[in-house]
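Undergrad: show me how the following folds:
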Amino acid sequence: MPTTRDRAGRLTLGGVALADLARDPAIGTPTYVYDLDAIGAEARELRAAFDGAPHVVAYAVKANTAGPIVRALAAEGCGADVVSGAELLVALACGVAPDHIVYSGVAKTDDELTRAIAVGQRGIGAIQIESVEEIARVDARARAAGRTARVSMRINPSVAIDTMDTHAHIATGHDEAKFGVPRADVAAAVALAQRSAHVELVGFGAHVGSQITTTDAYAESARAVFAIARELRASGVSLAFVDAGGGFGIDYGDGCPARPGDFVRVARAEQRAAGIDDLALYVEPGRSLVAAHGVLLASVVQPKIAADRRWLMIDAGMNDLIRPALYQARHRIVPLELDARDADNAEWRVVGPVCESSDDFGVHALSAKPPRDVAILDAGAYGFTMASQYNGRALPVELFLRGGAIASRTERASAEAWARSRSFG
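TA: Numbers count the residues shown, from 1 in each chain. From the prediction side, this is the model:
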């Protein structure tokens, strides 16, 4: 489950008091902490929503590429949705079955295609075709390898962006998006795939965006995909699966009416209505499996009070968690310990150390007396994976909890190590 407070008012995750971690000299801050047990439980709950029907939960590895997390999800029977050759290597190294890996992305290199085709006896489960032009490239790489590449076709379902309940930067199923084969080109793409001697079309899918909090747009996209799949089967095309995509949202504090299982149930209903419920149903969740079960710990460096303005300066910045700067996302920020002696609240603008005005986590109600350290909540997805070393800042530490203890961790690089890496030549 997400964070809770113990009787002493200490914030805990996975049964561990987070203040103890933040104040441990061997750990310190900024540090990401993840609850592997809760992540595994999310996967089990989602898979149960399929009610025994054939399916693959292809975890979107880009959400969090950490090995302990990918292994935990693989142990729960999840596959993987990867978007680079490096993510493919992570998925394979963490025990994901090759047959349950799909490879998305609009600009896969020849080397990446070759790697995906060369895996195991048959290559990965499917390379997701995102343009007509990509088909010939996959066919050429498969021919050179002496193999047949299994592919699925990701269409652009043309879901209007103004109907999506998400940020424009993470809406992917509208006409201006770079993703997917346009609906007008689907027939030509299918015909080309069928003529290609080293390509086998096994699936059809779409993905409309990320952080979707209601099921309407998801159902519209699934309906479009399933209608095309039904028509293809009627014309003699044999398919193994349909892919409804991912993007399931979480509650960042403003509510989220739909749970991940609701998206599965909606897609299953559309699949039955289309008469293709014998096909396996793939979904590609990322954020919904990991976001709520990861936090970013930060220490308060100092307050700054000027006239009627209050800033709380912390040691985590946009280099550690870029979502607020990039997407105007808001993450809840809470103290690691509650002090009952200081019941007065005050609004603080929480900012990081990076030399950018956009290094700003927003205004939060905290105690009038600045806390010693804080947690940025719901940071398990698109946090560390998008982190950088901007301003010469080290990447944050990652801690992985299981059974109420630290199961594994990374180490913090020193300023000297960064300086050596940059002062070459």
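Undergrad: and the residue lying closest to P335 once chain neighbours are set aside, how far from L338?
TA: Take P335 and drop its neighbours on the chain: the residue closest to it by Cβ to Cβ, 6 or more residues apart in numbering is P371, 3.6 Å away. Glycine gets a C-beta too; all of them are placed from N, C-alpha and C. The span separating P371 from L338 equals 9 Å under the rule Cβ to Cβ, to the nearest Å.
Undergrad: give me the more crowded residue out of those two.
TA: The residue with the greater number of neighbours, taking P371 and L338 and applying other Cβ atoms under 10 Å, is P371; the counts read 22 against 16.
Undergrad: picking up where we left off before, ok, the residue nearest to P335 touching E337?
TA: Yes - under the criterion of Cβ atoms under 8 Å, P371 is in contact with E337, at a separation of 7.1 Å.
Undergrad: specify the residue positioned farthest from the middle of this protein.
TA: Most distant from the centre of the chain: A307, at 40.9 Å, with distances by Cα atoms, centre = their mean.
Undergrad: phi and psi next, for that residue.
TA: Summarising the backbone geometry of A307 under the convention degrees, to the nearest 10, its torsions are phi 60, psi -120.
Undergrad: tell me the confidence at it?
TA: Per-residue pLDDT puts A307 at 83.
Undergrad: show me where pLDDT drops low in the chain?
TA: Counting by pLDDT under 70, the ranges of the chain that qualify are 1, 158-177, 340-343.
Undergrad: what sits against the residue nearest to the spatial centre of the chain?
TA: The structure's the chain has its C-alpha centroid closest to A63; by Cα atoms, centre = their mean the separation is 2.4 Å. Listed by Cβ atoms under 8 Å, 6 or more residues apart in numbering, the contact partners of A63 are G286, R287, L289, V290, A291, A381, Y382, T385.
Undergrad: recalculate using a threshold of 10 Å.
TA: Counting by Cβ atoms under 10 Å, 6 or more residues apart in numbering, A63 touches 69, 81, 210, 246, 284-291, 294, 380-383, 385.
Undergrad: about what we covered before: so what sits against both of P371 and E337?
TA: Both P371 and E337 are contacted by A19, under the criterion Cβ under 10 Å, 6+ apart.
Undergrad: I'd guessed D359 sits against G317; true?
TA: Yes - applying Cβ atoms under 10 Å as the test, D359 and G317 come out as touching, 4.9 Å apart.
Undergrad: so which of the two has more stuff around it?
TA: More crowded of D359 and G317, by other Cβ under 10 Å: G317, with 26 against 21.
Undergrad: list the contacts for the more buried one?
TA: G317 makes contacts with 30, 298, 325, 351-356, 359-361, 387-388, 390-391, 393, as judged by Cβ under 10 Å, 6+ apart.
Undergrad: mind listing the shared neighbours of D359 and G317?
TA: Shared contacts of D359 and G317 (Cβ under 10 Å, 6+ apart): A325, V351, G352, P353, Y390, N391.
Undergrad: quick check on the first one: phi, psi?
TA: For A325, the backbone dihedrals are phi -70, psi -40 (criterion: degrees, to the nearest 10).
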